[in-house]
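Visitor: Give me coordinates for this.
(one chain, ligands or ions: 1)
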Amino acid sequence: MSENTRNLMNSPATIAPAKGKLGVLLVGLGAVSTTFIAGVEAIKRGLAQPIGSLTQLASIRLGKRTENRNPRINEFVPLADLDDLVFGAWDIFSDSAYDAAVHAGVLERDLLEQLKPALSKIKPMPAAFDQKYVKRLSGTNVKQGANKFELAEQIIADIEAFKKKNKCSRLVMVWCASTEIFLKETAQHKTIKSLEAAMKANHPSIAPSMLYAYAAIKCGVPFANGAPNLTVDIPAIRELAIQHNVPICGKDFKTGQTFLKTLIAPGLKSRMLGLDGWYSTNILGNRDGEVLDDPESFKTKEESKLSALEYILQPELYPTLYKDFSHVVRINYYPPRGDNKEGWDNIDIRGWLGYPMQIKVNFLCRDSILAAPLVLDLALFLDLAQRTGMRGIQEWLSFYFKAPMTAPQLYPEHDIFIQLMKLKNTLRHLKGEDLITHLGLEYYD
Ligand SMILES: NC(=O)c1ccc[n+]([C@@H]2O[C@H](COP(=O)([O-])OP(=O)(O)OC[C@H]3O[C@@H](n4cnc5c(N)ncnc54)[C@H](O)[C@@H]3O)[C@@H](O)[C@H]2O)c1
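Guide: Now for the predicted structure:
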């Protein structure tokens with residue numbers, strides 16, 4: 001065996017079995033959460049297919065191409081079964097999952113009626129909420145407490161009570177609530193001590209999302225951040241996650257326009273085609289669109305959406321092609337479309353001898369239909385990570401995010417093809433299989 005081949009070998013990790021119920025705690029019971037829950041219930045009943053979900057549909061190649069080993073991911077690694085999932089949620093509105101799904105208007109009434117008994121049982125717990133952080137919303141199903149630390153303690157009590165009542169052996173939490181206003185990391189976010197002191201002092205640098213993340217990690221519950229909020233992306237929470245052996249990941253589900261951007265941009269770069277500009281605009285009419293109509297929430301989203309191209313195209317390495325390209329992202333709230341977002345992209349590219357060309361993309365997507373399978377995969381993979389003893393930031397889940405969290409000294413990987421390779425190689429690594437490098441090592445053996 002050559003040294004190259006030996007270096008790619010590893011021994012399998014010890015993975016605890018996925019025994020018992022897995023509680024999926026969702027912060028926010030809006031369009032994404034209800035489309036996810038209703039989807040799982042429909043799939044369990046054989047009413048629909050889990051399209052868009054890697055954990056349910058994708059296979060993974062193992063060994064050499066000639067070996068013909070391509071198990072499904074869910075046969076290869078031990079993931080929780082859909083029948084073992086139990087759902088819980090918090091929201092500022094007291095609507096059940098059924099009522100919230102009807103309000104969101106994503107899924108057809110026919111399907112929702114068939115799922116009504118299961119969905120009506122899911123009633124949101126009162127939320128830790130402060131309108132300062134989501135200007136366009138106000139609701140009454142909200143916790144009261146002397147300070148933010150007390151609110152976090154109430155969330156901890158909710159988590160413990162949910163686990164007991166539903167006889168769960170494990171839990172995961174996914175933030176599917178509204179996008180909060182843009183916050184920068186401050187001194188209060190540096191250490192666990194400074195974070196707790198700031199919570200007790202009701203400091204403005206502590207957003208409600210941080211209280212959920214803090215509570216989850218204190219309870220040993222993995223946390224995924226589906227919105228672009230700072231939330232778990234601060235040193236204090238990262239330290240807490242390491243201390244409590246909890247996996248975390250984020251930020252901002254990579255669904256519509258940014259998903260397409262991270263498909264197209266690596267392709268342009270692979271052929272060394274230049275970029276002069278990329279103009280993206282959207283119309284969106286759901287509650288998320290309404291929240292993002294507030295400039296302070298939009299700023300959080302904009303930062304997340306803008307980062308992908310810079311990292312993928314590496315203008316510092318390729319100044320001839322990508323220096324100073326202009327990148328504009330707009331979201332316009334337009335109620336008639338509801339959850340059915342329409343995005344337009346105009347991409348000005350340059351080819352041989354600098355000749356200009358244009359690409360136009362018109363994506364008529366369904367926001368929550370694209371996001372729901374991501375919630376499922378993240379819940380199952382975070383649970384797997386925890387049963388494997390992985391803790392802190394799970395970079396191998398970057399595949400799912402617009403602004404992937406990384407260790408502070410590293411830059412994020414945005415190229416979706418590299419992200420997918422990283423995800424699958426992590427699974428191979430866990431099972432002691434050779435990593436696939438596409439090198440064709442047999443030539444060297
Ligand atoms: N759908 C997508 O494709 C997509 C992609 C990336 C990110 N996201 C993000 O996912 C999140 C959810 O999107 P959505 O379309 O379901 O939005 P939504 O407005 O339908 O649902 C969000 C819910 O969160 C609730 N909420 C707000 N603050 C809360 C708090 N502090 N505690 C508990 N509940 C709270 C709201 O009342 C609302 O019901 C948004 O932040 C959105 O930006 C969505």
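
Visitor: Mind pulling up the pLDDT for residue 444?
Guide: Taken from the predicted model, the pLDDT recorded for residue 444 is 47.

Visitor: ok, now how distant is the residue nearest to residue 37 when sequence neighbours are not counted from residue 59?
Guide: Computed as Cβ to Cβ, 6 or more residues apart in numbering, the closest residue to residue 37 that is not its neighbour in sequence is residue 87, at 5.0 Å. Bear in mind the C-beta positions are built from the backbone N, C-alpha and C, glycine included. Distance of residue 87 to residue 59, computed by Cβ to Cβ, to the nearest Å: 27 Å.

Visitor: Of these two, which one has the most company?
Guide: Neighbour comparison, residue 87 and residue 59: the larger count goes to residue 87, with 23 against 15 (by other Cβ atoms under 10 Å).

Visitor: Isn't that one up against residue 115?
Guide: No: here residue 87 does not reach residue 115: they are 11.9 Å apart, not a contact under Cβ atoms under 8 Å.

Visitor: Poorly predicted segments of this structure, please.
Guide: In the predicted model of the chain, residues 1-10, 304, 439-445 satisfy pLDDT under 70.

Visitor: For the ligand, what's the nearest residue on it?
Guide: In the chain, the residue that lies nearest the ligand is residue 30 (1.8 Å; Cβ to the nearest ligand atom).

Visitor: How about the contacts made by that residue?
Guide: Residue 30 makes contact with 91, 100, 104, 176-178, 287-288, according to Cβ atoms under 8 Å, 6 or more residues apart in numbering.

Visitor: Among those, which ones are in helices?
Guide: Judged by DSSP state H, the subset of the contacts of residue 30 located in helices is 100, 104, 287-288.

Visitor: follow-up on the earlier one: most neighbours out of the contacts of residue 30, which is it?
Guide: Ranked by neighbour count under the definition other Cβ under 10 Å, the contacts of residue 30 are headed by residue 177 with 29 neighbours.

Visitor: dump the residue contacts of the nearest residue to it once chain neighbours are set aside.
Guide: Take residue 177 and drop its neighbours on the chain: the residue closest to it by Cβ to Cβ, 6+ apart is residue 28, 2.9 Å away. By Cβ under 8 Å, 6+ apart, the contact list for residue 28 reads 89-91, 175-178.

Visitor: The same query, at a cut-off of 10 Å, please.
Guide: With contact set as Cβ atoms under 10 Å, 6 or more residues apart in numbering, residue 28 has these partners: 34, 89-93, 100, 124, 127, 174-178, 209, 212, 226-227, 287-288.

Visitor: for residue 331, phi and psi?
Guide: Here the main-chain torsion angles of residue 331 (degrees, to the nearest 10) amount to phi -130, psi 130.

Visitor: Ok, residue 48 next?
Guide: Comment: the main-chain dihedrals of residue 48 come out as phi -160, psi 170, following degrees, to the nearest 10.

Visitor: Verify the stated contact: it with residue 42.
Guide: Yes: using Cβ atoms under 10 Å, residue 48 makes contact with residue 42 at a distance of 4.3 Å.

Visitor: Looking at those two, which has the bigger crowd around it?
Guide: residue 42 (19 against 15).

Visitor: about what we covered before: just put the contacts of residue 30 in JSON lines and tack on distance to residue 202.
Guide: Formatted as JSON lines, the entries for the contacts of residue 30 read as follows, by distance: Cβ to Cβ, whole Å:
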{"residue": "91", "distance to residue 202": "22"}
{"residue": "100", "distance to residue 202": "29"}
{"residue": "104", "distance to residue 202": "32"}
{"residue": "176", "distance to residue 202": "26"}
{"residue": "177", "distance to residue 202": "20"}
{"residue": "178", "distance to residue 202": "21"}
{"residue": "287", "distance to residue 202": "27"}
{"residue": "288", "distance to residue 202": "27"}
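
Visitor: quick check, nearest of those residues to residue 355?
Guide: Lowest distance from residue 355 to these (Cβ to Cβ) belongs to residue 288, with 39.8 Å.

Visitor: mind listing what the closest one touches?
Guide: Shown in contact with residue 288 (Cβ under 10 Å, 6+ apart): 28, 30-32, 104, 178-179, 227, 297, 301, 331, 333, 339, 341, 367-368, 371.

Visitor: from those, which ones fall inside strands?
Guide: Applying DSSP state E to the contacts of residue 288, the entries found in strands are 331, 333.

Visitor: What about the contacts of residue 288, which are in helices?
Guide: Using DSSP H, the members of the contacts of residue 288 that fall in helices are 31-32, 104, 297, 301, 367-368, 371.

Visitor: just how off-centre is stretch 355-370 within its chain?
Guide: Distance of stretch 355-370 from its chain centroid, counting by Cα atoms, centre = their mean, to the nearest Å, is 21 Å.

Visitor: can I get the CA coordinates of it in PDB?
Guide: As requested, C-alpha coordinates have been extracted for stretch 355-370 and formatted as PDB (Å, rounded to 0.1, in the frame of the first residue of the first chain):
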ATOM      1  CA  TYR A 355     -15.600  40.300 -24.200                       C
ATOM      2  CA  PRO A 356     -18.700  40.900 -22.100                       C
ATOM      3  CA  MET A 357     -21.600  38.500 -21.700                       C
ATOM      4  CA  GLN A 358     -24.700  38.400 -19.500                       C
ATOM      5  CA  ILE A 359     -26.600  35.700 -17.700                       C
ATOM      6  CA  LYS A 360     -30.200  36.200 -16.500                       C
ATOM      7  CA  VAL A 361     -31.700  34.000 -13.900                       C
ATOM      8  CA  ASN A 362     -35.400  34.100 -13.000                       C
ATOM      9  CA  PHE A 363     -36.000  31.700 -10.100                       C
ATOM     10  CA  LEU A 364     -39.700  31.200  -9.100                       C
ATOM     11  CA  CYS A 365     -39.100  29.300  -5.900                       C
ATOM     12  CA  ARG A 366     -41.000  28.400  -2.800                       C
ATOM     13  CA  ASP A 367     -39.000  29.600   0.200                       C
ATOM     14  CA  SER A 368     -40.200  27.200   2.800                       C
ATOM     15  CA  ILE A 369     -40.400  24.200   0.500                       C
ATOM     16  CA  LEU A 370     -36.600  24.700  -0.100                       C
END
